[in-house]
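[1] give me a 3D structure for the following:
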Amino acid sequence: MIKLAVKNTIYPLIKSSPDFLIIGVQRAGTTSLYKYLINHPQIIISHKLRETYYFDIDDNYDKGFGWYLGHFPFLWNKRNKLTFEASPSYILSSKTMFRIREKLGKIKMILLLRNPVERAYSAWQMFHSYTNISNQKLRDRADNRSFSEAITQELNEPNQINKYPYNYLKRGRYYEQLCNYLEYFSLDELLILDFKEFAKNLNESLNKVSNFLNIDNFSKEEIDLYKQQKYAVATYKISDEDKYLLEKLKDYFMPFNEQLYQLLEINYNW
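    Modelled structure (predicted):
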């Protein structure tokens, strides 16, 4: 295994840095978009690792930029192709945006947004499903609480929010997150996709991505093939017992959504 000191010395000279990033949000189609992109003939990756969490997790960042570049192709393999990573928590903090600007300069980014109420419930379903899973790493991340307990705790303990890995409400306050982004980047460098539109009009959404990245559009045959490989966006059914709380969460998110609509000059009707 190559030591970190060697990586941090050599890799900046021989490894590619990413050409673009997918920066969020969790449970909004980032995995599906990633899997479509890695099959595009003008995109190359070296590790089957979607999320590096380099810029937002201090322990990873402290390993050095060479450690990060180790996740990307060698320069002689990249040629004229693009490379990237997708860490959906990057959008959450100003510190992360500062680090990205410092290390990568001006870089294109893609952000997928989803109705924050649906996103919160989908995230809880995911973490709650880990409770009885065989994979120990995933089981360690399980949320054993009911959805009601999880939301109530986050509302009652706002000062403890960063101690929880779930942050069902914080992750849905997109206006705050975009303010973090805009401290260091402009909206011209950001492509924003709506989860619902991405799922409903996949071809058109992928063409928006390819145009943004200046690569060839996906062919219909390629998209249909990837759909058969189950790369399409998943949807989740809301249980009856949580419907009342979800209705209340619409009111909670309303002022944050309105701020977002004004900023982007678009109304997602969430």
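
[2] and stretch 117-128, what's its mean pLDDT?
    What stretch 117-128 shows for mean pLDDT is 94.

[3] what about it, distance to the chain center?
    15 Å (Cα atoms, centre = their mean, to the nearest Å).

[4] over to stretch 202-211?
    Using Cα atoms, centre = their mean, the offset of stretch 202-211 from its chain centre is 17 Å.

[5] which stretches in the stretch 1-150 of the chain count as strands?
    With DSSP state E, counting those that start in this stretch, the ranges of strands along the stretch 1-150 of the chain come out as 20-24, 84-86, 108-113.

[6] can you say which of the ones you listed is packed in most?
    Comparing the strands of the stretch 1-150 of the chain on average neighbours per residue, with mean count of other Cβ atoms under 10 Å, the densest one is strand 20-24 at a mean of 25. Glycine gets a C-beta too; all of them are placed from N, C-alpha and C.

[7] next, the angle strand 108-113 makes with that strand.
    Per axes from the mean of the first three to the mean of the last three Cα atoms, to 10 degrees, the angle that strand 20-24 makes with strand 108-113 is 20 degrees.

[8] list the strands paired with strand 20-24, with their directions.
    If you go by DSSP bridges, strand 20-24 pairs up with strand 84-86 (parallel), strand 108-113 (parallel).

[9] give me the residues contacting it.
    The contact list for strand 20-24 (Cβ atoms under 8 Å, 6 or more residues apart in numbering) reads 30, 33-34, 82, 84-92, 100, 104, 107-112, 177, 181, 213.

[10] run a quick neighbour tally on Arg171.
    23 (other Cβ atoms under 10 Å).

[11] contact partners for it?
    Val25, Gln26, Leu92, Pro116, Arg119, Ala120, Ala123.

[12] of those residues, which is the most crowded?
    When neighbours are counted by other Cβ under 10 Å, Ala120 leads these with 29 neighbours.

[13] is it true that it touches Ile151?
    Yes - in this structure, Ala120 is within contact of Ile151 by Cβ atoms under 8 Å, at 7.5 Å.

[14] thanks again, I'm all set now.
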